[in-house]
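*Asks:* sequence and predicted structure, then a few things I'm wondering about:
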Amino acid sequence: MKTCQEISQLASRACDEKIGLLQTAELTLHLMMCQNCRNFYENNKKLSEILKEHKNTHRHSHIEH
Ligand SMILES: [Zn+2]
């Protein structure tokens, strides 16, 4: 079993890069049982989506000009 600390590291990596199938399974399983890590993961995902959107918006406006 992974600890919450390990899961939070995994969660932040999962948002930035591809993680393995086994790690995804461990992450998902832990998130189902642990509210704290679920909140952390959700926040991380939102943050990385905002960052991605920001990059896209920037690139998009760059093309238009
Ligand atoms: Zn946890």
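*Replies:* Looks like it arrived, so ask away. Numbering: from 1, shown residues only.

*Asks:* residues of this protein that sit close to the ion?
*Replies:* Residues of the chain found near the ion (Cβ under 5 Å from the ion) are 4, 34, 37. Heads up, the C-betas are built off the backbone N, CA and C, glycines and all.

*Asks:* switch the cut-off to 8 Å
*Replies:* Within reach of the ion by Cβ under 8 Å from the ion, the chain has these residues: 3-4, 7-8, 30-31, 33-34, 36-38, 40.

*Asks:* need the max-distance pair from those residues.
*Replies:* Within the residues of the chain next to the ion, two members stand farthest from each other by Cβ to Cβ: Thr3 and Arg38, at 15.2 Å.

*Asks:* neighbour count winner among these two?
*Replies:* Neighbours were counted for Thr3 and for Arg38 using other Cβ atoms under 10 Å; Arg38 has more, 15 against 10.

*Asks:* and the residue nearest to the more buried one when sequence neighbours are not counted, how many neighbours?
*Replies:* Excluding the flanking residues, the one nearest Arg38 by Cβ to Cβ, 6 or more residues apart in numbering is Leu31, at 4.8 Å. Leu31 sits with 18 neighbouring residues when counted by other Cβ under 10 Å.

*Asks:* repeat for Cys37
*Replies:* 22.

*Asks:* same question, the one 10 residues further on
*Replies:* If you count neighbours by other Cβ under 10 Å, Leu47 ends up with 12.

*Asks:* nearest residue to it other than its sequence neighbours?
*Replies:* Ranked by Cβ to Cβ, 6+ apart and with sequence neighbours excluded, the top spatial neighbour of Leu47 is Cys15, at 7.6 Å.

*Asks:* ok, that neighbour to Met1 distance?
*Replies:* 22 Å (Cβ to Cβ, to the nearest Å).

*Asks:* Met33 too?
*Replies:* Note on Met33: its distance to Met1, by Cβ to Cβ, is 10 Å.

*Asks:* quick revisit: tell me the contacts of the residue nearest to Leu47?
*Replies:* Applying Cβ atoms under 8 Å, 6 or more residues apart in numbering, one finds that Cys15 lies in contact with 44-45, 47-48.
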